[in-house]
Structure formats: C-alpha cells, structure tokens
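>>> need a structure here:
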Amino acid sequence: MSKEHIEDCLGDAIKAARATKGISQPQLAMSLGITTRYLKLIENSGRKPSYKLLCHILRELEISSDRVFQLRTVK
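Sure thing, here's the model as predicted:
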C-alpha cells in the first residue's frame, strides 16, 4: 500500500467517524483547537496531522488506532 493511499485512508476514516457521530467540521475543529480549514485539509489528505493531534482526533472521535494504522502487505 502506498504512502499516499495510507494518508487517503486516514482522511477518509476521520471524515467517516465524524459524520457517523453527527459532528460538524467546525465543532470538531473547535474541540481540537484547530481551524476548520486545517481539519478540511486533513480530511481531504492535503495535510498530515502531527502525532499529538492525531491522538487527540482518535480520542475525540473514539476511533481505534488499529482502524487507522491497519496496513496491508503490498504484493
């Protein structure tokens, strides 16, 4: 799996979890202490969050780290 695909999966996982919980981008951004624009960039794979921010996102959205870091072997 390419690095770019992993990053796409991360953004998609964050977006899906946020939508499932019924949380808007502005609401999540505020609780994370970041701008809505920055959250949009993360969700659309334009930016990678720092490790600290990623941990905060996972806690806020109750996402298992296994779900985000699940990597498949490339054949």
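>>> Can you name the residues that contact Ile23?
Leu61 (Cβ atoms under 8 Å, 6 or more residues apart in numbering). Bear in mind the C-beta positions are built from the backbone N, C-alpha and C, glycine included.
>>> tell me which element it is part of?
Following DSSP states H and E, one finds Ile23 outside all helices and strands.
>>> Buried residues, stretch 38-51. List them.
Buried residues in stretch 38-51, defined by neighbour count with 16 or more other Cβ atoms under 10 Å: Leu39, Leu41, Ile42, Glu43, Ser45, Arg47, Pro49.
>>> Ends of it, what's the gap?
15 Å (Cα to Cα, to the nearest Å).
>>> Check which helices and strands the lowest-mean-pLDDT helix or strand in the chain sits against.
Within the chain, no helix or strand scores below helix 65-69, which has a mean of 74 by mean pLDDT, DSSP states H and E. Counting contacts by 3 or more Cβ pairs under 8 Å, 6 or more residues apart in numbering; DSSP states H and E, helix 65-69 is packed against helix 3-20, helix 51-61.
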